[in-house]
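[1] Predicted model and sequence follow; I will ask about them next.
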Amino acid sequence: MFYREAGDFKTSYHADNHTFPIKFDRIGFWVTMAIAFAVIPFFINDYWANAIFVPFLIYAIAAIGLNILTGYCGQVSLGTGGFMAVGAYACYKLMTAFPDVSIVIHIVLAGGITAAVGAAFGLPSLRIKGFYLAVATLAAQFFLVWLFNKVSWFYNYSASGQINAPERFVAGIAVTGPNTAPWAQYMICLIFLTACALLARNLTRGTIGRSWMAIRDMDIAAEIIGVNPLKAKLTAFAVSSFFIGISGALFFAVYLGAVEVGEAFGIQKSFLVLFMIIIGGLGSIFGSFAGAAFLVLLPVLLKVIGVDLLGWPTDLVAHFQLVIIGALIMFFLIKEPHGLAQLWRLAKEKLRLWPFPY
Amino acid sequence: MKTKTLAAMALAGAIASGPAMADLVIPDLSYRTGPYAAGGTPFSDGYQDYFNLLNARDGGIGGEAVRIVECETGYNTEKGVECYESTKGEGALIYQPLSTGITYQIIPKATADQIPIHTMGYGRTSAANGEVFNWVFNYPANYWDAASVAVNYLLDQNSGDLNGKTIALVYHNSAYGKEPIRTLEALSEMHGFELSQLAVDHPGQEQKSQWLQIRRERPDYVLMWGWGVMNQVAVQEAANINFPMENFIGNWWAGAEHDVTPAGASANGYKSLNMNRVIDYPVLAEIQSMVHDAGNAAGDGSNLGSVLYVRGMYAAMLAAEAIAKAQEIHGVADVTPAMVRDGMAALEVTEARMEALGMAGIGPEFSVSCQNHGGSGQGIVQQWNASAGAWEPLTDFISPDKSVIEPLIAEDSAAFASENNITPGCL
């Protein structure tokens, strides 16, 4: 009834190219943005920021990054944790080496450095495919973690091998360090996520995104019709790593404030982000958000229900968490292999016909 | 999906911002799951049981009931942050995270929120400098003390001369395991022994190559900074290569019953440090009768009297004493975290007091001051007797070499202070 194309006339090429062709979607988008930017910052507290919003926003950036590589370009990667570590350590080195430069520039530069590292590790993708590529990226994961543990230059020779984010300001407001207000933490992550999501969405709609998808769907056919696999694969690795690097930098500087590479950026992180895009939906920006929300919120929710509401022992709840999340992952993979994004797509199809399905 | 998520979030929020009650709130960031659960569980049991004993026997501390808020971290820093944030709103008085990684994480946060942290024998060693780390305490001993105590013990074994000996350090490749390296390097220079470092990655199940290297190099002694499943594996591997167990010394986090029992009789003779004596204290009988028999035992109640249980109980005792001290200083029963900090900074643990609490000789005598948050730093060496199934203390409390450790602490804390724009001073 409300959700339909009919009556929504496009009178310019610009309007015709809009990301959301349906008016209802456009309104929904702006309402979400208004709530995210103008309502939540006024109500957020330390717990909400640190347990829910900030990790969700950061993981969403990482999921978008991995989705570009795996979902859009079809290159399986298990190196996400390692690339996040590159972002985090690049950000740390930049923060401590150039304390007068804005943290925003450092985070973007950390993304750029990760893009270069990612492109270098993407080179084998020109020769190997599928599972073999997954193993190659797994090597990147282990190599990078080993490197940041081994070479003390990366952690400025500190006794413990930890890196700690010093206090940095944006427009006079602390965004890293212990005195950061929860809304400031939230806002910087939100701004980065919004920029990344807009960038990713528009990249995937353009020439470069179409060449990625052509490679994903059938690389030989893509090559025959004139898509350069070298360019397509390496740009996918670079762009994907750029986003992952930004998320790693935010993860270290804004969210945790102190990290230890083996613990924070281990192989579990790579799997976590991979699960996010599989559950959320491969090849979908919305899916990246949905997957990140699912895997960040669900454990917190289960904990709140189990420990605070039902008063169960904490270890029992922790074990149940693993069981329930595992079962839900299997359930989704069987019932909806295309992820939450596909559920959303189906819901929209149904909405178009509602209330008179025929 | 969207409405479901929103409803869930609203629910989470409603509960997270629940009303705070007027008890003494003690958060217990425990880990009873994951590869480190074997160590986390008995410590948490001991920590909670002691507070439950105080509630049952004395009606709390100074007449004010203690409320424990447990939160499962799984030894994971992200969950640790979530636990910190969710418990601090309840009015948490003192944090005891039992994880060096989580400690590093919450030092800046707790300092900003003005809540004291007690990292007993772990965490950031330079927090012993109370003028820089006003809110962090690591009495009665820290990692650098442990390294020095171990070397002093070996010096004693070799009639004061370690020249030309080789000591291998097998360590957990994390902030925890890397902490003692700096001290051991300084000590190796001083005493002329050679130090070789062997890192073991989290979680520590894979140690074949490290022990092959030990087999090849045949060091005179092996020191270990291990935790969780890593300890059991290391003891087993040492037995596999026939390394003489009496030359294998773990630190105090690598010396509990569950670390050695899996290796059976071949673990006999393995040594470790300890910062608390483990004997049959009268207080354990009280816990048995007033907490366990009343059905209030934390966990399954099977850990009573084990090494880490006693250490958890010791930690709880030190926290309770600090709270009592704070009540005495400020003359109120319902203390705030800032008052507890004052209590910790004025804490004095004497032999007579420990005896009155039913745990005579559990730890060394020490006193805390504004400048020194580190305590005496003493530790004992104990040895595993596999046939008796018990740890036997070999020595009395050994003092560390403060002349080595103090300059290192001053240097590291000064670096932290300049990085974070802290002007050292007392509160």
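    Now that the structure is in, tell me what you want to look at.
[2] can you confirm B:V69 is in a strand?
    Yes. With DSSP: H, G, I helix; E, B strand; the rest coil as the criterion, B:V69 is located in a strand.
[3] Get me the contact residues on the stretch 51-200 of chain B for chain A.
    Residues of the stretch 51-200 of chain B found near chain A (C-beta under 8 Å from any C-beta of the partner chain) are B:70-72, B:74, B:76-78, B:81-82, B:85-86, B:88-89, B:100-101, B:104-105, B:107-109, B:111-112, B:124-125, B:173-175, B:178-179, B:181-182, B:199. Using the backbone N, CA and C atoms, a C-beta is placed for each residue, glycine as well.
[4] give me that answer again for 6 Å
    Residues of the stretch 51-200 of chain B lying near chain A by C-beta under 6 Å from any C-beta of the partner chain: B:70, B:72, B:81-82, B:85-86, B:101, B:104-105, B:108-109, B:112, B:173-175, B:178-179, B:182.
[5] Quick check: nearest residue in space to B:G343, chain neighbours excluded?
    B:A326 (2.9 Å; C-beta to C-beta, 6 or more residues apart in numbering or on different chains).
[6] which residues touch that neighbour?
    B:V335, B:M339, B:V340, B:D342, B:G343 (C-beta atoms under 6 Å, 6 or more residues apart in numbering or on different chains).
[7] in the biggest helix by length in chain B, what counts as buried?
    Counting by DSSP state H, the longest helix found in chain B is helix B:307-330. Across helix B:307-330, burial judged by 16 or more other C-beta atoms under 10 Å in any protein chain shown covers B:307-327, B:330.
[8] Please spell out the PyMOL selection for the buried subset of the residues of the stretch 51-200 of chain B next to chain A.
    Buried residues among these (16+ other C-beta under 10 Å), as a PyMOL selection:
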select buried, chain B and resi 70+72+81+82+85+86+101+104+105+108+109+173+174+175+178+179+182
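[9] Helices - which of the residues of the stretch 51-200 of chain B next to chain A land there?
    Per DSSP H, those map to helices at B:81-82, B:85-86, B:101, B:104-105, B:108-109, B:112, B:175, B:178, B:182.
[10] In TSV, list those residues along with pLDDT.
    Converted to TSV, these look like this (pLDDT from 0 to 100):
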residue	pLDDT
B:V81	89
B:E82	90
B:E85	91
B:S86	90
B:G101	88
B:Y104	89
B:Q105	87
B:P108	89
B:K109	90
B:A112	90
B:A175	87
B:K178	90
B:R182	89
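[11] ok, which pair from these is furthest apart?
    B:S86 and B:R182 (34.6 Å; C-beta to C-beta).
[12] Name the SS class of the residue nearest to A:I61 when sequence neighbours are not counted, please.
    Among residues not flanking A:I61 along the chain, A:S247 sits closest, at 3.9 Å (C-beta to C-beta, 6+ apart). Classification of A:S247 using three-state DSSP returns helix.
[13] Tell me if I'm right that A:S247 and A:I58 touch.
    Yes. Checked against C-beta atoms under 6 Å, the pair A:S247 and A:I58 is within contact range at 5.1 Å.
[14] who's more crowded, the two?
    A:S247 (35 against 26; other C-beta atoms under 10 Å in any protein chain shown).
[15] from the chain's centre, how far out does the longest helix of chain B sit?
    Centre-to-centre, helix B:307-330 and its host chain are 14 Å apart (C-alpha atoms, centre = their mean, to the nearest Å).
[16] try stretch B:105-120
    Using C-alpha atoms, centre = their mean, the offset of stretch B:105-120 from its chain centre is 15 Å.
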